[in-house]
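A.B. asks: Compute the structure for the input listed below.
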Amino acid sequence: MSHQPVPAPLLIACALGIEHLALRTGDRSGADGPVVFVRTGMGPRAAERCVTGQLAAPAHTDAAVLATGFCAGLAPGMHPGDLVVAEETRDPRGTVPCVGTELLVKELVRLLPGRTVHTGPLTGSDHVVRGHERSALLATGAIAVDMESAATLLGAVRTGPRPVAAVRVVVDAPEHELVRIGTVRGGISAFRVLRSILPALFEWHRSLLLPRR
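C.D. replies: Below you'll find the model as predicted:
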């Protein structure tokens, strides 16, 4: 009797408890293959350590990795609840190209009509970015910044070749700086958007499982 091979899993990584809550309570019915939700903890070191540890497990060695959660927008005109699909992630240690950006944009636009989706480089930081630091990072070509995506994807590809991507929800922007995520309208909006994006992430994963022609 023949057995179908088990599809490569999807590992979805976020840092914060509130991000994990949004993902855990989203619509998980459309998953095609195993999905692992990982809360890495905050900061690049915690993110890389957690993800590389997960990928060392035999069941996850060939997993696709997608970093998600909240981010700070860098460009004027960005608003809380906007989406960022990274074309690449970067930090001082290197740049990681993302896979399937166009598909993610298409699925997010279909899933959340009216929401603005930005694409471009997503840069990493080891601290919360404020004020003049935004302008300096924007001048490098980056459109958004967070503390974990770059470290997550760099750690993932260093453990072996695999598809990687990053989708973030803007919670903080030049004209909308936030102090605490959960206590203001922008944070609530971002939470609701993050909770809604899982079907697009699953569709991205499904596209990776299709036979290549």
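
A.B. asks: hey, which helix or strand in this protein has the poorest pLDDT?
C.D. replies: Within the chain, confidence by mean pLDDT, DSSP states H and E is lowest for helix 185-196 among all helices and strands, at a mean of 82.

A.B. asks: quick one, phi/psi of residue 149?
C.D. replies: When read as degrees, to the nearest 10, the backbone of residue 149 gives phi -60, psi -50.

A.B. asks: Assign residue 38 to helix, strand or coil.
C.D. replies: At residue 38 the chain is in strand, as set by DSSP: H, G, I helix; E, B strand; the rest coil.

A.B. asks: got a list of what it touches?
C.D. replies: 11-14, 50-51, 54 (Cβ atoms under 8 Å, 6 or more residues apart in numbering). In short, each C-beta sits where N, CA and C put it, glycine included.

A.B. asks: Of the residues you listed, keep whichever come out buried.
C.D. replies: Buried members of the contacts of residue 38, scored by 16 or more other Cβ atoms under 10 Å, are 11-14, 50-51, 54.

A.B. asks: would you list every one of the strands in the protein?
C.D. replies: For the chain, strands defined by DSSP state E occupy the ranges 10-14, 35-39, 64-73, 83-91, 94-97, 117-124, 144-146, 164-172.

A.B. asks: Name all residues that make contact with the closest residue to residue 52 other than its chain neighbours.
C.D. replies: Nearest residue to residue 52, sequence neighbours excluded (Cβ to Cβ, 6 or more residues apart in numbering): residue 155, at 4.6 Å. By Cβ under 8 Å, 6+ apart, the contact list for residue 155 reads 47-49, 51-52, 55.
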